[in-house]
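*Asks:* Any chance you can model this:
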Amino acid sequence: MKQSVKSLIGFTIGATDGVIGKVKELYFDDETWVVRYLIVDTGNWLSGRVVLISTEAIVNTDWDGRIFSVNLTKLQIKNSPNIDTDLPVSRQQEIQLQKYYPWVKYWGAGYYGGTSGEMAVSPGPLAMGLPRTNFTEEKTEQEKNADIHLRSTNKVMDYNIKATDGEIGDVEDFILNQTKWEISFLIVNTGNWLPVKKY
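*Replies:* Model prediction:
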(Lines give C-alpha, C1' and ligand atoms only; values in the text may rest on other atoms or scores of the structure.)
Protein backbone atom coordinates (compact mmCIF):
# COMPACT_ATOMS: atom_id res chain seq x y z
CA MET A 1 0.00 0.00 0.00
CA LYS A 2 1.48 3.34 -1.08
CA GLN A 3 1.07 6.37 1.16
CA SER A 4 2.29 9.94 1.15
CA VAL A 5 4.43 10.64 4.21
CA LYS A 6 2.74 14.02 4.61
CA SER A 7 -0.62 12.25 4.83
CA LEU A 8 0.60 10.35 7.92
CA ILE A 9 1.44 13.50 9.88
CA GLY A 10 -1.22 14.01 12.55
CA PHE A 11 -2.17 10.32 12.79
CA THR A 12 -3.22 9.40 16.34
CA ILE A 13 -1.12 6.83 18.19
CA GLY A 14 -3.22 4.50 20.31
CA ALA A 15 -1.60 2.47 23.08
CA THR A 16 -3.29 -0.64 24.48
CA ASP A 17 -4.90 1.53 27.17
CA GLY A 18 -5.49 4.90 25.56
CA VAL A 19 -4.28 7.63 23.23
CA ILE A 20 -0.69 8.85 23.64
CA GLY A 21 -0.37 11.55 20.99
CA LYS A 22 -0.02 12.34 17.30
CA VAL A 23 2.63 11.67 14.66
CA LYS A 24 4.87 14.70 14.22
CA GLU A 25 7.42 13.31 11.74
CA LEU A 26 9.14 10.07 10.72
CA TYR A 27 12.78 8.99 11.01
CA PHE A 28 14.22 6.86 8.21
CA ASP A 29 17.56 5.16 7.61
CA ASP A 30 19.31 6.99 4.76
CA GLU A 31 21.17 3.82 3.71
CA THR A 32 18.16 1.50 3.39
CA TRP A 33 15.35 4.10 3.08
CA VAL A 34 13.36 2.17 5.68
CA VAL A 35 11.33 4.17 8.20
CA ARG A 36 12.46 3.20 11.69
CA TYR A 37 10.52 5.46 14.06
CA LEU A 38 7.41 7.56 14.36
CA ILE A 39 8.11 10.78 16.26
CA VAL A 40 5.08 11.33 18.45
CA ASP A 41 4.04 14.55 20.19
CA THR A 42 2.29 13.54 23.42
CA GLY A 43 0.55 16.91 23.77
CA ASN A 44 -1.04 17.58 27.16
CA TRP A 45 -0.58 13.99 28.34
CA LEU A 46 3.18 14.30 28.97
CA SER A 47 3.38 18.09 28.75
CA GLY A 48 4.43 18.10 25.12
CA ARG A 49 7.17 15.51 25.47
CA VAL A 50 8.14 13.92 22.15
CA VAL A 51 8.72 10.15 22.07
CA LEU A 52 10.10 7.70 19.52
CA ILE A 53 7.94 4.71 18.62
CA SER A 54 9.37 1.99 16.39
CA THR A 55 7.27 1.04 13.36
CA GLU A 56 7.76 -2.50 14.68
CA ALA A 57 5.32 -1.64 17.50
CA ILE A 58 2.41 -0.93 15.12
CA VAL A 59 -0.13 -3.75 15.19
CA ASN A 60 -3.06 -2.16 13.36
CA THR A 61 -3.85 0.82 11.14
CA ASP A 62 -7.25 2.50 10.88
CA TRP A 63 -6.91 4.53 7.68
CA ASP A 64 -10.37 6.10 7.91
CA GLY A 65 -9.91 7.06 11.55
CA ARG A 66 -6.21 7.98 11.03
CA ILE A 67 -5.03 5.84 13.94
CA PHE A 68 -1.94 3.68 14.40
CA SER A 69 -2.46 1.15 17.21
CA VAL A 70 0.70 0.00 19.00
CA ASN A 71 1.42 -2.92 21.33
CA LEU A 72 2.63 -0.67 24.15
CA THR A 73 1.00 0.65 27.31
CA LYS A 74 0.90 4.30 28.32
CA LEU A 75 3.05 3.48 31.34
CA GLN A 76 5.71 1.89 29.13
CA ILE A 77 5.83 4.97 26.96
CA LYS A 78 5.83 7.34 29.93
CA ASN A 79 8.82 5.55 31.50
CA SER A 80 10.76 5.17 28.23
CA PRO A 81 14.20 6.81 27.76
CA ASN A 82 13.83 10.54 27.16
CA ILE A 83 15.24 11.36 23.71
CA ASP A 84 15.78 14.97 22.62
CA THR A 85 14.57 14.96 19.00
CA ASP A 86 15.87 18.51 18.47
CA LEU A 87 19.32 16.88 18.28
CA PRO A 88 20.48 13.99 16.05
CA VAL A 89 19.55 10.65 17.62
CA SER A 90 22.75 8.79 18.50
CA ARG A 91 23.32 5.05 18.24
CA GLN A 92 23.77 4.97 22.03
CA GLN A 93 20.26 6.39 22.44
CA GLU A 94 18.91 3.78 20.05
CA ILE A 95 20.63 1.09 22.12
CA GLN A 96 18.86 2.47 25.22
CA LEU A 97 15.51 2.24 23.43
CA GLN A 98 16.27 -1.26 22.15
CA LYS A 99 17.15 -2.42 25.67
CA TYR A 100 14.02 -0.85 27.15
CA TYR A 101 11.52 -2.02 24.53
CA PRO A 102 11.30 -5.55 23.04
CA TRP A 103 12.37 -4.22 19.63
CA VAL A 104 14.65 -6.09 17.26
CA LYS A 105 18.00 -4.41 16.65
CA TYR A 106 18.22 -3.45 12.97
CA TRP A 107 21.85 -2.29 12.79
CA GLY A 108 25.19 -4.07 13.00
CA ALA A 109 26.83 -7.06 11.38
CA GLY A 110 24.48 -9.72 10.07
CA TYR A 111 21.45 -7.50 9.77
CA TYR A 112 20.50 -5.09 7.05
CA GLY A 113 17.20 -3.35 6.57
CA GLY A 114 14.47 -4.40 8.94
CA THR A 115 11.67 -5.92 6.94
CA SER A 116 11.12 -9.36 5.49
CA GLY A 117 13.48 -10.20 2.66
CA GLU A 118 16.14 -7.72 3.74
CA MET A 119 18.19 -9.79 6.15
CA ALA A 120 21.76 -10.58 5.12
CA VAL A 121 23.57 -13.43 6.86
CA SER A 122 27.24 -13.01 7.71
CA PRO A 123 29.67 -15.52 9.26
CA GLY A 124 29.39 -15.75 13.02
CA PRO A 125 32.30 -14.92 15.33
CA LEU A 126 33.48 -18.50 15.62
CA ALA A 127 33.45 -19.00 11.84
CA MET A 128 35.76 -16.01 11.51
CA GLY A 129 38.21 -17.46 14.02
CA LEU A 130 37.55 -14.79 16.65
CA PRO A 131 36.84 -15.50 20.32
CA ARG A 132 33.18 -14.76 20.98
CA THR A 133 33.91 -12.45 23.91
CA ASN A 134 36.35 -10.31 21.93
CA PHE A 135 33.95 -10.09 19.00
CA THR A 136 31.11 -8.93 21.26
CA GLU A 137 33.23 -6.27 22.93
CA GLU A 138 34.55 -5.02 19.60
CA LYS A 139 31.07 -4.86 18.07
CA THR A 140 29.67 -3.00 21.05
CA GLU A 141 32.42 -0.39 20.82
CA GLN A 142 31.84 -0.04 17.09
CA GLU A 143 28.13 0.45 17.69
CA LYS A 144 28.82 3.20 20.19
CA ASN A 145 30.98 5.05 17.67
CA ALA A 146 28.93 4.24 14.55
CA ASP A 147 27.80 7.03 12.26
CA ILE A 148 24.08 7.49 12.71
CA HIS A 149 22.03 7.34 9.55
CA LEU A 150 18.61 8.42 10.82
CA ARG A 151 17.06 11.34 8.96
CA SER A 152 13.93 13.34 9.73
CA THR A 153 11.38 13.44 6.92
CA ASN A 154 10.50 16.99 7.94
CA LYS A 155 14.10 18.14 7.63
CA VAL A 156 14.77 16.34 4.34
CA MET A 157 11.75 18.01 2.76
CA ASP A 158 13.01 21.08 0.87
CA TYR A 159 16.37 19.40 0.18
CA ASN A 160 17.53 20.34 -3.30
CA ILE A 161 17.76 17.55 -5.89
CA LYS A 162 20.47 17.86 -8.53
CA ALA A 163 20.94 15.88 -11.73
CA THR A 164 24.35 15.39 -13.33
CA ASP A 165 23.74 18.49 -15.43
CA GLY A 166 21.89 20.83 -13.09
CA GLU A 167 19.20 21.32 -10.47
CA ILE A 168 15.85 19.54 -10.70
CA GLY A 169 13.92 20.94 -7.75
CA ASP A 170 13.16 20.50 -4.05
CA VAL A 171 11.86 17.48 -2.14
CA GLU A 172 8.22 18.06 -1.28
CA ASP A 173 7.08 14.66 -0.04
CA PHE A 174 7.85 10.94 0.04
CA ILE A 175 5.89 7.94 -1.21
CA LEU A 176 5.98 5.12 1.31
CA ASN A 177 5.32 1.40 0.97
CA GLN A 178 3.49 1.17 4.27
CA THR A 179 3.54 -2.62 4.33
CA LYS A 180 7.34 -2.66 4.55
CA TRP A 181 7.78 0.95 5.74
CA GLU A 182 10.12 1.62 2.83
CA ILE A 183 10.37 4.95 1.05
CA SER A 184 9.91 4.13 -2.64
CA PHE A 185 9.83 7.56 -4.28
CA LEU A 186 10.51 11.24 -3.68
CA ILE A 187 8.01 13.87 -4.76
CA VAL A 188 10.06 16.70 -6.26
CA ASN A 189 8.69 20.15 -6.98
CA THR A 190 10.42 21.27 -10.18
CA GLY A 191 9.36 24.88 -9.69
CA ASN A 192 10.24 27.21 -12.56
CA TRP A 193 12.13 24.52 -14.48
CA LEU A 194 9.01 22.49 -15.30
CA PRO A 195 6.15 24.72 -14.07
CA VAL A 196 3.33 23.00 -12.16
CA LYS A 197 4.93 19.58 -12.53
CA LYS A 198 5.98 17.25 -9.75
CA TYR A 199 7.84 13.97 -10.08
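*Asks:* The residue sitting nearest the centre point of the chain: what's it in contact with?
*Replies:* The residue lying closest to the centre of the chain (C-alpha atoms, centre = their mean) is R36, at 2.3 Å. By C-beta atoms under 8 Å, 6 or more residues apart in numbering, the residues touching R36 are Y27, F28, D29, S54, T55, Y106, G114, L150. Backbone N, C-alpha and C define where each C-beta goes, glycine included.
*Asks:* Lowest-confidence entry in these?
*Replies:* Within these, the minimum per-residue pLDDT falls on G114 (40).
*Asks:* Before we go further, W193 is sitting in a helix, right?
*Replies:* No - the assignment for W193, made by DSSP: H, G, I helix; E, B strand; the rest coil, is coil rather than a helix.
*Asks:* Can you tell me the closest non-neighbouring residue to I175?
*Replies:* Counting by C-beta to C-beta, 6 or more residues apart in numbering, F185 is the residue found nearest to I175 once chain neighbours are left out, at 4.0 Å.
*Asks:* ugh, typo on my part, it should be Q98
*Replies:* Excluding the flanking residues, the one nearest Q98 by C-beta to C-beta, 6+ apart is K105, at 5.3 Å.
*Asks:* In three-state terms, how would that neighbour be classified?
*Replies:* K105 is classified as coil under three-state DSSP.
*Asks:* if we can go back for a sec, now do the SS call for the residue nearest to the centre of the chain.
*Replies:* R36 is classified as strand under three-state DSSP.
*Asks:* Give the pairing partners of the host helix or strand of D170; include direction for each.
*Replies:* Under DSSP states H and E, the secondary-structure element containing D170 is strand 166-177. Sheet pairing of strand 166-177 (DSSP bridges) gives strand 2-4 (antiparallel), strand 160-163 (antiparallel), strand 182-189 (antiparallel).
*Asks:* The residue nearest to R151 when sequence neighbours are not counted: neighbour count?
*Replies:* The shortest distance from R151 to any residue that is not its chain neighbour, by C-beta to C-beta, 6+ apart, is 4.8 Å, and that residue is D30. Using other C-beta atoms under 10 Å, D30 has 13 neighbouring residues.
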